[in-house]
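**Q** Sequence first, then the predicted structure, then my questions.
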Amino acid sequence: MKIAVIGTGYVGLVAGACLADLGNEVVCADIDEAKMGMLRKGQIPIYEPGLEELVRKNISEKRLSFTIDTVAACRDSKIIFIAVGTPQGEDGHADLKYVLDVAETIGKSANGPKIIVDKSTVPVGTSHSVRNAAQRHTEHSMSVVSNPEFLREGSAVRDFLEPDRVVIGSNDREAAETVAGLYRPLGCYILITSPESAELIKYASNSFLATKISFINEVAAICEKVGADVVEVAKGMGLDRRIGRQFLNAGAGYGGSCFPKDVKALRKTAKDAGYDFEIMKAVEKINSLQKKLPVKKLKKALGSLVGKKIVVLGLSFKPNTDDMREATSIEVINGLLRKKAEVIAIDPVAEAKAREIFAGIAYSKDVYSAAKNADALVLLTEWNEFLELDYGKIGAAMRSMIVVDGRNVLDVARLRALGFRYFGVGR
Ligand SMILES: NC(=O)c1ccc[n+]([C@@H]2O[C@H](COP(=O)([O-])OP(=O)(O)OC[C@H]3O[C@@H](n4cnc5c(N)ncnc54)[C@H](O)[C@@H]3O)[C@@H](O)[C@H]2O)c1
């Protein structure tokens, strides 16, 4: 099957490479010339485990190509995926400018009937807007299928190839079946729904996961007051199969390119429909408070932060990605700089992206030398390498042995035995 994927970011690139690997002929298009230049050479502009090998393999087997010529990509393909960004708009809704631009391009360039597959996360009703934007420029039939993506950065290739489910929403049964056919080789559950349901499934799923996180963060606050340990509480809750252990990790708040904007967008969808989504309001409020916790805990431990040397472990919004969008590190580092602390930051892959965000902080590749004369460590991203450090050696180099564990992943008993003052979240 000939497929075009328009928008070659985290989602488009993974979808394009995986669809090619399933045997389709895929062309990925993007307006970013530099990115496409890199990709043609098999270089990956983002950090995503397993993706580089997959891209190189499918380029060399001639199933995957990259172009900036969106028009040609659309002409040559019967199925066109839209995977451009849908950033938060001013009113809280997703900004559909990029999605509708692409839909128009598809209509204007159509040389035959097309199936437009919307993979970007979009508000309920967008399927109709996409169809209108394309159809008004052509006589050929434009079918639209909503196919939200559930991959997680950091395990995106595996998530795409081994999904819990694939959701396909369309009023055009034939188009829905054609798109479902692309996923059949995965052997996963394929749920075919109305376009409205498919669009809402995506927002409701992300908002539910964000709710789980904010829920356990509130439980953590209670734990601190009553002397319980939220890690034990979450384990005890999670062993109940009705609840499940995932997304019950208390910590310094969620970030990333999806949860914050999708929670806002679901609230806006509800509001437009005349419904006030109370729970989501609380979820957002709790999350913004959680992101402020590390600085609060440092102040509690150190008093004034003026001139204090703080080593920040982890910058990306979660491990195994270099994505800095809405990362907790942004709130924490800006908070520390406002308090006139001296910040030295370490991240295995996100340093380049962080340099575009922060001014006035130092970076290091080596925790042991960064820790020299440090007043505190604050862990914000649970990269594996931070769990395996020699904390005895680190503590010996520090001016004061204080650690704020924003993800509750460090070995509390061991750190305390070494002489650290340990501050977790809810323990
Ligand atoms: N990142 C995730 O983990 C994730 C997971 C599930 C769903 N989503 C959703 O998928 C969509 C894409 O997210 P992303 O993280 O891949 O975004 P991204 O910002 O990484 O990539 C978007 C790409 O689209 C390109 N683009 C913009 N306008 C274009 C145009 N007119 N023609 C061609 N290319 C164009 C940009 O240059 C960019 O490379 C969003 O709606 C997002 O909410 C993201």
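**A** Thanks, I have the structure now.

**Q** The stretch 151-300 of the chain: strands as residue ranges?
**A** Shown for the stretch 151-300 of the chain, the strands assigned by DSSP state E, counting those that start in this stretch span residues 165-169, 189-193.

**Q** Please identify the most buried of those strands.
**A** Stretch with highest mean neighbour count among those: strand 165-169 (a mean of 21; mean count of other C-beta atoms under 10 Å). All C-beta atoms are positioned from the backbone trio N, CA, C, and that covers glycine.

**Q** helices or strands next to that one in the packing?
**A** In terms of contacts (3 or more C-beta pairs under 8 Å, 6 or more residues apart in numbering; DSSP states H and E), strand 165-169 is packed against strand 142-146, helix 173-183, strand 189-193, helix 195-226.

**Q** one step back: nearest to the ligand among the strands of the stretch 151-300 of the chain would be which one?
**A** The closest of the strands of the stretch 151-300 of the chain to the ligand is strand 165-169. By C-beta to the nearest ligand atom, the value is 11.8 Å.

**Q** Report the distance from that closest one to the chain centre.
**A** Here strand 165-169 shows a centroid-to-chain-centroid distance of 20 Å under the convention C-alpha atoms, centre = their mean, to the nearest Å.

**Q** Give me the contacts around it.
**A** 127, 145-148, 150, 176, 179-180, 183, 186, 188-199, 201-202 (C-beta atoms under 8 Å, 6 or more residues apart in numbering).

**Q** are any of the residues you listed buried, and which?
**A** Buried by 16 or more other C-beta atoms under 10 Å: 127, 145-148, 150, 176, 179-180, 183, 190, 192-193, 195-196, 198-199, 201-202, out of the contacts of strand 165-169.

**Q** Please list which of those residues are also close to the ligand.
**A** Filtering the buried ones among the contacts of strand 165-169 for proximity to the ligand by C-beta under 6 Å from any ligand atom leaves nothing.

**Q** mind listing what's buried in the host helix or strand of A73?
**A** Per DSSP states H and E, A73 falls inside helix 70-75. By neighbour count with 16+ other C-beta under 10 Å, helix 70-75 contains the buried residues T70, A73, C74, R75.

**Q** again with stretch 77-85
**A** S77, I79, I80, F81, I82, A83, V84, G85.

**Q** Name the nearest residue to K340, sequence neighbours excluded.
**A** Setting aside the residues directly before and after it, K340 is nearest to V306 in space (C-beta to C-beta, 6 or more residues apart in numbering), at 4.5 Å.

**Q** Check what pLDDT the residue of the chain positioned farthest from its centre gets.
**A** The outermost residue of the chain relative to its centre, with distances by C-alpha atoms, centre = their mean, is E139 at 38.2 Å. With respect to pLDDT, E139 scores 98.

**Q** distance of it from the ligand?
**A** 23 Å (C-beta to the nearest ligand atom, to the nearest Å).

**Q** ok but that residue is inside a strand, no?
**A** No - counting by DSSP: H, G, I helix; E, B strand; the rest coil, E139 falls outside a strand, being coil.

**Q** Might you report the residue contacts of it?
**A** Contacts of E139 by C-beta under 8 Å, 6+ apart: none found.

**Q** and the ligand, which of the buried residues of stretch 77-85 contact it?
**A** A83, V84, G85.

**Q** Please enumerate residues in contact with stretch 276-285?
**A** Residues contacting stretch 276-285 (C-beta under 8 Å, 6+ apart): S207, A210, T211, S214, P260, V263, K264, L266, R267, A270, K271.

**Q** Show me how far that stretch is from its chain's centre.
**A** Using C-alpha atoms, centre = their mean, the offset of stretch 276-285 from its chain centre is 20 Å.

**Q** repeat for stretch 332-352
**A** 21 Å.

**Q** same question for it, mean pLDDT?
**A** 98.

**Q** again, but for stretch 147-159
**A** 97.

**Q** With stretch 222-242 instead?
**A** Stretch 222-242 comes out at a mean pLDDT of 98.

**Q** wait, what's in contact with D347?
**A** With C-beta under 8 Å, 6+ apart, D347 has these contacts: G314, L315, S316, A354, T381, W383.
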